[in-house]
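1. give me coordinates for this.
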Amino acid sequence: MKTGSLDVKGLSVLVTGILMAASASGAAPDPAYSVVVRHGTIYDGSGQKPFVGDVAIRGDRIVAVGANVPGKGTKEIDATGKAVAPGFINMLAHPEESLLVDGRAQSDLRQGVTLEVMGEASMGPLSPKMKALMSERQGDVKYAVDWNSLGEYLNGLEKKQISVNVASFVGASTVREYVLGEQNVQPTPEQLGQMRRLVHQAMEEGALGVTTALIYSPAGYAKTPELIALAKESASCGGIYTAHMRSEGDRIVEAVQETIDIAKASGGPAHIYHLKMGGRDNWNKLDRVVSMVEGARAAGTRITADMYNYTAGATGFDAFMPPWVQDGGLEAWIEHLKDPATRTRVIKEMRDPHTSWENLGIKAGGDGILLIGFKNPKLKKYLGKTLAQVAKERGTSIEDTAIDLVIEDGTRVGVAYFLMSEDNVRRQIALPWVAFNSDADAPSTEGVFLKNSNHPRAFGNFARLLGKYVRDEKVIPLEEAVRKLTAFPAETLSLKDRGRLKNGYFADVVVFDPKTIQDHATYEKPMQYATGVEYVLVNGGVALAKGEPTNERPGRAVLGRAFKGFKDGGCRASSQDWTWSR
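-> As a prediction, the model looks like this:
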């Protein structure tokens, strides 16, 4: 596996010497470069004002950044009038399946994304039962489940050849399912020990940390002490605890406090996935949440967040139904819904505005729930319609309709929930400790991906930031937006030599036009590529040229610092053995 980090063998001494000389002179000693990006306006990721200059690359590394870099490149890119920035980091991506059938990741690549960070659950470790369920539950995207561990999955992606870099967390829910199945049970001390060992193994295979998805079953069955134990294991391996919190609405204050408490107890950092205030009654909680996070940061707890730039989220009807009915997994959930008495009880809870679980459906309402994903071909006629519209067509309540669709489709059904405030989106974008994510797969507008719909964030999140919020609305300056897309997430994840245009760093580079970059995906027509990105280089390879994917597939697995292949890799006895930057 390519590690995406420094080679520690004998050649590294020579390479280091060359890079040091290049850094001192501002140019590499050999005038021949692989690629030189000329005359662009360079936003180096630091957040400082840009300057006009060149970026020279040899192999997979940047070897010179400055005005009028001497020498020639095998390939020269004229970036006159364009912005040149480090490649963008998608802090929460879900191309786990889409990359297996199309390694180009076009929806993100065409927006300048060079690193997809996969999280919430993970593609390993997998037990035989988990592998069987993963195969049985596949929708339109079909693939062989020919791996067992997270490391094997990442290695397999590299062998398939991909256009973008990938990184992954290990899912707390994944190791929970491996040991406990999908039932609502609590681990014995021995079982929790096994879960910790699985986290440890995944960290040494390259995981960046441990993640949760606490509004979903079986993930939400985990109690705080279990999460602290897994976060401690991650922290002792130099990892970060990342949370899709138990609530992003009615109990968001309590959920943020739990996240802070877990970070403090683990000794490592924490990160909040897709920060939002869901539901109109919760929009005014942003001030309180910001105060909590900034207070924790000021007190020495490293905590950050990310977001997508839309007022609707996307998930399934499992977020509209109580966790107890989902006990046992998807197939058990569907069987429970077929029982008339259970169905009556579920509907009563679906209509209750004061449930103990996060009910996204009641906050969005039938008109605020958009249907975007089905497995059953007979139901695809409903794609792009609201739940209220389908309920009217069928002559049933929205709750009955949601239940019927889950049963008929044999899945959780893909839906978008309209829950957030546009004003809060703008305010969150301006927070210095918030990065960005698509929370989506990375499809193309062709082939199997045309069989379903999507959320527009899959095709437009990063271009929307740079076009709508930076250029048009001036929420933040471009240099700050680039920092929050590059250096800041790289530092948050403790990634070495990525996220900046700097001598010795990996050559992940994007050339785009700030005047024209634009998202085109809408809720009505989400499958539309963004425009305005002209070139994307990944590890020095040209993955996108003149706005179109090339035949190069230079993507790699970018691995966490406990990866055993690194000189200083492997987990430590304590999280205190790692130095955390803030």
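
2. who are the contact partners of residue 467?
-> The neighbours of residue 467, taking CB atoms under 8 Å, 6 or more residues apart in numbering as the test, are 517-519, 532. For glycine as for every other residue, the C-beta is placed from the backbone atoms N, C-alpha and C.

3. now, which of those lie within strands?
-> Using DSSP state E, no member of the contacts of residue 467 sits in strands.

4. of all those, which two lie farthest apart?
-> 519 and 532 (9.2 Å; CB to CB).

5. common neighbours of the two, please.
-> 463, 467.

6. just the element for the residue nearest the centre of the chain, please.
-> Per CA atoms, centre = their mean, the C-alpha nearest to the average position across the chain is that of residue 92, at 1.0 Å. Assigned by DSSP states H and E, residue 92 falls within strand 88-93.

7. and the next helix or strand after that strand, what's buried?
-> Beyond strand 88-93 on the C-terminal side, the first helix or strand identified by DSSP H and E is helix 98-101. Residues 98-101 are the ones in helix 98-101 that count as buried (16 or more other CB atoms under 10 Å).

8. where are the low-confidence patches of the chain?
-> Low-confidence segments of the chain (pLDDT under 70): 1-31, 580-582.

9. packing partners for the strand holding residue 92?
-> Applying 3 or more CB pairs under 8 Å, 6 or more residues apart in numbering; DSSP states H and E, one finds that strand 88-93 contacts strand 113-118, strand 434-436, helix 487-492.

10. any idea which of the ones you listed is most buried?
-> When you average the neighbours per residue for each of the helices and strands packed on strand 88-93 (mean count of other CB atoms under 10 Å), strand 113-118 leads with a mean of 29.

11. count of residues packed around the spatially closest residue to residue 385 that is not a sequence neighbour?
-> Leaving aside its chain neighbours, residue 385 sits nearest to residue 371 (5.6 Å; criterion: CB to CB, 6 or more residues apart in numbering). Residues lying near residue 371 (other CB atoms under 10 Å) number 25.

12. which stretches of the stretch 201-350 of the chain form strands?
-> 209-213, 240-244, 270-272, 303-307, 312-316 (DSSP state E, counting those that start in this stretch).

13. contacts only, for residue 475.
-> Taking CB under 8 Å, 6+ apart, one finds 426, 429-430, 469 in contact with residue 475.

14. helix/strand/coil for it?
-> Going by DSSP: H, G, I helix; E, B strand; the rest coil, the secondary structure assigned to residue 475 is coil.

15. what's around the nearest residue to it once chain neighbours are set aside, how many residues?
-> Using CB to CB, 6+ apart and skipping residues adjacent in sequence, the residue nearest residue 475 is residue 469, 4.5 Å away. Per other CB under 10 Å, the neighbour tally for residue 469 reads 18.

16. quick one, phi/psi of residue 469?
-> Backbone torsions for residue 469, taken as degrees, to the nearest 10, come to phi -90, psi -30.

17. go ahead and confirm it touches residue 310.
-> No: counting by CB atoms under 8 Å, residue 310 is not a contact partner of residue 469; they are 11.3 Å apart.

18. list the contacts for residue 562?
-> By CB under 8 Å, 6+ apart, the neighbours of residue 562 are 203-204, 206-207, 237-239, 569-571.

19. including distance to residue 151, could the residues you listed go into a markdown table?
-> Below are the contacts of residue 562 laid out as a markdown table (distance: CB to CB, whole Å):
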| residue | distance to residue 151 |
| --- | --- |
| 203 | 10 |
| 204 | 8 |
| 206 | 6 |
| 207 | 9 |
| 237 | 14 |
| 238 | 16 |
| 239 | 15 |
| 569 | 12 |
| 570 | 14 |
| 571 | 14 |
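
20. which helices and strands does the helix or strand where residue 426 lies pack with?
-> Assessed by DSSP H and E, residue 426 sits inside helix 422-429. Judged by 3+ CB pairs under 8 Å, 6+ apart, helix 422-429 is in contact with helix 286-298, strand 303-307.

21. give me the distance from that helix to the chain's centre.
-> 19 Å (CA atoms, centre = their mean, to the nearest Å).

22. now that helix: buried residues?
-> Applying 16+ other CB under 10 Å to helix 422-429 flags 424-425, 427-429 as buried.

23. sheet partners, orientation included, of the longest strand seen in the chain?
-> When the chain is parsed with DSSP E, its longest strand is strand 32-42. In the sheet, strand 32-42 lines up against strand 51-58 (antiparallel), strand 72-78 (parallel), strand 83-86 (parallel) (DSSP bridges).

24. just the ones you listed: most buried one?
-> Highest mean neighbour count of the strands paired with strand 32-42: strand 83-86, a mean of 28 (counted as mean count of other CB under 10 Å).

25. tell me how many other residues surround the residue nearest to residue 450 when sequence neighbours are not counted.
-> Residue nearest to residue 450 in three dimensions, not counting chain neighbours: residue 527, with 7.2 Å by CB to CB, 6+ apart. Neighbourhood size, residue 527 [other CB under 10 Å]: 20.

26. looking at the helices and strands packed on strand 88-93, which is closest to residue 404?
-> Using CB to CB, the helices and strands packed on strand 88-93 put strand 113-118 closest to residue 404, at 32.3 Å.

27. hmm, who's touching the helix or strand following the closest one?
-> Going down the chain from strand 113-118, the next helix or strand is helix 128-136, by DSSP H and E. If you take CB under 8 Å, 6+ apart as the criterion, helix 128-136 is touched by 126, 145, 148, 177-178, 181, 329-330.

28. in helix 128-136, what's buried?
-> For helix 128-136, a neighbour-count test (16+ other CB under 10 Å) marks 130, 133 as buried.

29. what about that helix, distance to the chain center?
-> Worked out by CA atoms, centre = their mean, helix 128-136 lies 23 Å from the chain centre.

30. go on, stretch 141-153?
-> Distance, centroid of stretch 141-153 to centroid of chain: 19 Å (CA atoms, centre = their mean).

31. same question for stretch 50-70.
-> 29 Å.

32. please shift the residue numbers so they start at 148 in all later answers.
-> Renumbered: residue one is now 148, and that last one reads stretch 197-217.

33. distance between the ends of stretch 520-538?
-> 17 Å (CA to CA, to the nearest Å).

34. again but with stretch 366-386, I slipped
-> Terminal residues of stretch 366-386 lie 20 Å apart, using CA to CA.

35. in that stretch, what's buried?
-> Buried residues in stretch 366-386, counting neighbours by 16+ other CB under 10 Å, are found at 366-369, 373-386.

36. same check, this time on stretch 586-605
-> Across stretch 586-605, burial judged by 16+ other CB under 10 Å covers 586-591, 596, 599-605.

37. how about those in TSV, adding distance to residue 554 and secondary structure?
-> Converted to TSV, the buried residues of stretch 586-605 look like this (distance: CB to CB, whole Å; DSSP: H, G, I helix; E, B strand; the rest coil):
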residue	distance to residue 554	secondary structure
586	27	coil
587	26	coil
588	25	coil
589	30	coil
590	27	coil
591	31	coil
596	26	helix
599	19	coil
600	21	coil
601	23	coil
602	24	coil
603	28	coil
604	28	helix
605	27	helix
